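In: My questions concern the predicted model and sequence given below.
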Amino acid sequence: MSTRRNFIRISAIGAGSAVVAWPVVKTFARELVESENFVFEGMRRTPTYCEICFWKCAGWVYKNDKGEVWKLTGNDEDLHCNGRFCPRGTGGVGMYNDGDRLKTPLIRVTQDGKQTFREASWEEAFDYIAKKLTKIVQTSGPESVALFSHGSGGKYFGTILKALGSNTNAAPSYAQCKGPREAAFLATFGEVVESPERTDIRDTKCLVLIGSHIGENMHNGQVQEMSDAIDKGATIITVDPRFSTAASKSKYWLPIKPSTDIALLMAWISVILEENLYDRDYVEKYTTGLDKLKEHVKAMTPEWAYGITTIHPQVIRETAREMANASPAVIVHPGRHVTWYGDDVQRLRAVAILNALLGSWGRRGGFYRPENISVPEFPHPEYPKVTKGWRDILGDLYPLADQPVANAVVDFTIPDPSRNFSYKAWIVNGTNLIETMPNQANTLKAIENLELMVVVDTMPMEITGYADVVLPECTYIERYDEIRVSYHRKPQIALRMPAVKPKYNSKPAWWMAKGIAEKMGLGQFFPWKDIEEMLDWQLKQLGTSLAEMQKIGVKTFERTADDLYFQPGEEVEFTTTSGKIELYSTDLEAYGYAPMPVYTPHEEPPAGFYRLIYGRAPMHTFSRTSNNPNLTDLMDENTVWINPKVAKEWGIVNDQYIHLQNQDGKKSEFPVKARITERIRWDSIYMVHGFGHDQKKLTRAFGRGASDTNLITKVLVDPSMGGTGMRGNFVTFITDLKEVKS
Amino acid sequence: MRYAMAIDTKKCVGCSDCVVACQTENNVPIGYCRDWVVEVTDGTYPQLEIEIRSERCNHCENAPCVRCCPTGASHYADGGIVLVTHNKCIGCGACISSCPYDARYSHPDGYVDKCTFCIHRVEKGLSPACVATCPTKCMYFGDLDDPKSPVSVVLKNRKYKTLIPEAGTKPQLYFLI
């Protein structure tokens, strides 16, 4: 283990050392920026938008008579939630109340030969960061600074990056999540699916879910609309090796053999073409490549797919006809977390093609045309030109990626003699990279090579233990952030404002970024006194104001661009290379990838091993909520789902704690409870992501359950856009717990 | 007036939002709950079924908890709602053992607590917190004596069941199946 950067379990601070322990030195950094004027005092209800997940539902923070945070509810006008928060949004109070929160800035020091954190004032922390960052930029260039962000605060650290001249603003939500989907839809329709997804579920007659577990993934608007669709009698078809909640609401459950989805999709395409079930007018008018596609899928019959997928040909035909019957009010859902097997762009291309044949893109009950409103930037000096951007750094690698690839940033942080470049500094905002990025050993190796890592978070997540500086962000309940802009059926904006003063010595990200920028002589890029001045200016450009938004929370605008759906006979110019929907992708062909999807067999589990599949629980958002007192009250550990036949073979009983070990010998750090259930295939096991924390300071989450990320050592990278396929790992069971303890 | 609630098991996804919303609305301490979610799986792979139910006090018409309460703390209120007057409750727990639905718990402050159908909200014309927040809109609340109330309408149009009807408690929580 490197001596330069040892993992610091934050809880260890102060125990027997001279370093100050938790309840904190009161160094309020008002000397830097006098910012908050607490307009919320006296307000019983203040607007916010949720930060527990990326759906960003707008709602209200209610306070009790004592002015304490009481409850959170949805805003009726909000298109993301329609007045109804999900359990995590409702449980957002727990994020604010969590006593384990980061409380004051921390700086890594070596004391008596041991690395630890010392508590610091904001001024000290900013000085430290500014000095180091300035030096790194001077010696290695601004391009050596990268930002990882999964949260609203990333906006302001992104401004620092822009002010320096770097554009490596990497969101793991791309290459670890929805990237392949966006790349595939971009190649096919010239547009991405967006977030919230443009799926018109409420009006659909047929919803096809492929591994997408709506209801367990609590993407609020979609869950609501799926419920509406059930009410209206829509047919749901769910493809999943696991009997998911959505599968239980479905007319058809196709318990597919994992990793064979492309074969099923191609067989569906072949049935639809063979039986002339496609939307002829639409396909003729809007698409290109039909003849090539027909030729391509000729041999990909349901009988061919049966041997691969284990789904009966009759079921494949029947479900294809169901989709065609509903056309164009049908959605073959593109999913969201789609980085599975490394050929994910191809799988999502098959999904896109199927939707195109069914004529669902741009149609009621299929995919609507979303619209947003653009919020003007507060006037600022021009940013320096990016002379070496992330794309230049990647070169020919991952040509379809149109956003920085987080795993490539990790890879390119590890020095390599074949490369004349490596990243030197990371700013990490609101993403626990240790649990987010597969192949933890690689992530740790990269971190060891950094000259500076600044972590901004509300909680002492694992990643904070590797930081040089930890900056405690206050929760969304205690801060302003940028205006939420929705890309939805109508353009809409939402305001987040503080309901109460920040607890402890925590601060909003905008305040930190501005403070650091000022120390670095970049203050001109934050040309406002405080965020209220900036927000008010922006809101006034949109015909409203901060004062009005503080009362209403969300504001909806009328559409101006076009209709929600394609009009009959409408000429549509698609922003693809050909200007048409590309069944045959000229872009993919140009880059040397298959222009039409091809099924490639994937590695199968060896005897005694089972494919590791992971997913979501409705009451948790990855590891972000795993210590939230309200939400751990609902679920405080994950379980490993095992088919009864498999359990019997291993002698594992329900609720027994066991260890998992993967194909590379990696063992789960903590024992995990077995859930023996018929709801999972015998060749796979399933667990909810986000558990198995080894950071002791997370008192409720520490040691509870197992971390799937820990067991994902094999990563199947999609060569076209860099997505990290994480479903290619196999685990076996260790039933004697003593075997692991040694 | 007869308040009742219907829960659509076909729409409920078991997310437990109802549980958190109740906890925050009613200041139920962490570790306790007035409502909860039950998930029942039937069958063998791949012929499977799941029933998901959001459960709470059934506000029974013939409530064993009211009958066995020694102080009269447990009582019927307007609309047939079963309530506990906290300052009359001695925390003896007789009601807890008498409830076939296990709907009551001992509050750390020394009294017995349970679902009130959020009567403080209903009186203001609002829905109970669980109903108001449910993302799937799978819960219907209202007055059974009013044929136009959401609960009356849905019970007229759908098949439903109650839990443990053989206990003879005449429960007022209906599950749409």
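Out: Sure, I can see it.
In: can we go C-alpha only for contacts and neighbour counts from here?
Out: Will do.
In: what about residue A:307, which SS state?
Out: Judged by DSSP: H, G, I helix; E, B strand; the rest coil, the three-state class of residue A:307 is helix.
In: and it, how many neighbours?
Out: By the measure other CA atoms under 10 Å in any protein chain shown, the count of residues near residue A:307 is 12.
In: again with residue A:139
Out: When neighbours are defined as other CA under 10 Å, residue A:139 has 9 of them.
In: Ramachandran angles for it?
Out: phi -90, psi -30 (degrees, to the nearest 10).
In: ditto for residue B:75
Out: Backbone torsions of residue B:75, given as degrees, to the nearest 10, read phi -150, psi 170.
In: hang on, it packs against residue B:88?
Out: No - with contact defined as CA atoms under 8 Å, residue B:75 does not reach residue B:88; the gap is 10.8 Å.
In: Look at these two and report which has more neighbours.
Out: Using other CA under 10 Å, the more surrounded residue of residue B:75 and residue B:88 is residue B:75, with 17 against 13.
In: my read: residue B:90 touches residue B:111, true?
Out: Yes - assessed by CA under 8 Å, residue B:90 is found in contact with residue B:111 at 6.3 Å.
In: Between those two, which has more neighbouring residues?
Out: residue B:111 (19 against 14).
In: if I look at the closest residue to the more buried one other than its chain neighbours, how far off is residue B:109?
Out: The shortest distance from residue B:111 to any non-neighbouring residue, by CA to CA, 6 or more residues apart in numbering or on different chains, is to residue B:91 (4.7 Å). Distance check for residue B:91 against residue B:109: by CA to CA, to the nearest Å, it reads 9 Å.
In: more neighbours, the two?
Out: Residue environment comparison for residue B:91 versus residue B:109 gives the larger neighbour count to residue B:91, 20 against 9, counting by other CA under 10 Å.
In: any idea how far that one lies from residue A:692?
Out: According to CA to CA, residue B:91 stands 38 Å off from residue A:692.
In: now residue A:390
Out: From residue A:390 to residue A:692 the distance is 33 Å (CA to CA).
In: quick one: which of those two has more around it?
Out: Just comparing residue A:390 and residue A:692: by other CA under 10 Å the higher neighbour count belongs to residue A:692, 26 against 21.
In: Torsion angles phi and psi at the closest residue to residue A:556 other than its chain neighbours?
Out: Taking CA to CA, 6+ apart as the measure, residue A:556 lies nearest to residue A:492, with 4.3 Å between them; neighbours along the chain are not counted. Main-chain dihedrals, residue A:492, degrees, to the nearest 10: phi -150, psi 150.
In: now swap in residue B:42 and tell me
Out: phi -130, psi 150.
In: That one contacts residue B:49, correct?
Out: Yes - shown here, residue B:42 and residue B:49 form a contact pair, counting by CA under 8 Å, at 5.2 Å.
In: can you pull the pLDDT of residue A:21?
Out: Looking at residue A:21, its pLDDT is 34.
In: Likewise for the one 4 residues further on?
Out: Residue A:25 carries a pLDDT value of 33.
In: Do a quick rundown of the strands in the stretch 151-300 of chain A.
Out: With DSSP state E, counting those that start in this stretch as the criterion, the stretch 151-300 of chain A has strands at A:169-170, A:206-210, A:235-239, A:252-254, A:287-288.
In: Show me which residues of the stretch 601-742 of chain A sit near chain B.
Out: A:617-619, A:629-631, A:633-634, A:678-681 (CA under 8 Å from any CA of the partner chain).
In: What remains of the residues you listed if I keep only buried residues?
Out: Burial by neighbour count, 16 or more other CA atoms under 10 Å in any protein chain shown: within those this picks out A:617-619, A:629-631, A:633-634, A:678-681.
In: can you tell me which of the residues you listed are in strands?
Out: Under the assignment DSSP state E, those contribute nothing to strands.
In: Max pairwise distance over the residues you listed: which two?
Out: A:629 and A:681 (32.9 Å; CA to CA).
In: how far away is the closest residue to residue A:50 other than its chain neighbours from residue A:75?
Out: Spatial nearest neighbour of residue A:50, excluding adjacent residues (CA to CA, 6+ apart): residue A:56 at 4.8 Å. As judged by CA to CA, residue A:56 and residue A:75 stand 12 Å apart.
In: Check residue A:174 too.
Out: Applying CA to CA, one obtains 28 Å for the distance of residue A:174 from residue A:75.
In: Looking at those two, which is more packed in?
Out: Set residue A:174 next to residue A:75 and count neighbours by other CA under 10 Å: residue A:174 wins out with 27 against 24.
In: Which residue comes closest to residue A:509 once chain neighbours are left out?
Out: The nearest residue in space to residue A:509 (CA to CA, 6+ apart) is residue A:153, at 5.0 Å.
In: what residues does chain B put near chain A?
Out: By the rule CA under 8 Å from any CA, the part of chain B lying against chain A is B:10-11, B:13-18, B:20-21, B:24-25, B:30-31, B:43-46, B:48-50, B:132-137.
In: Going through the residues you listed, which ones are buried?
Out: Taking 16+ other CA under 10 Å as the criterion, what is buried in the residues of chain B next to chain A is B:10-11, B:13-18, B:20-21, B:24-25, B:30, B:45-46, B:49-50, B:132-137.
In: correct me, but residue A:350 touches residue A:263?
Out: No - look at residue A:350 against residue A:263 with CA under 8 Å: they stay out of range, at 9.5 Å.
In: which of those two has more neighbours?
Out: Comparing residue A:350 with residue A:263 by neighbour count (other CA under 10 Å), the higher total belongs to residue A:350, at 29 against 26.
In: Tell me the pLDDT of the residue nearest to residue A:509.
Out: So residue A:153 comes in at 93 (pLDDT).
In: what about it, how many neighbours?
Out: Counted with other CA under 10 Å, residues neighbouring residue A:153 total 24.
In: and if you look at residue A:274?
Out: Residue A:274 sits with 14 neighbouring residues when counted by other CA under 10 Å.
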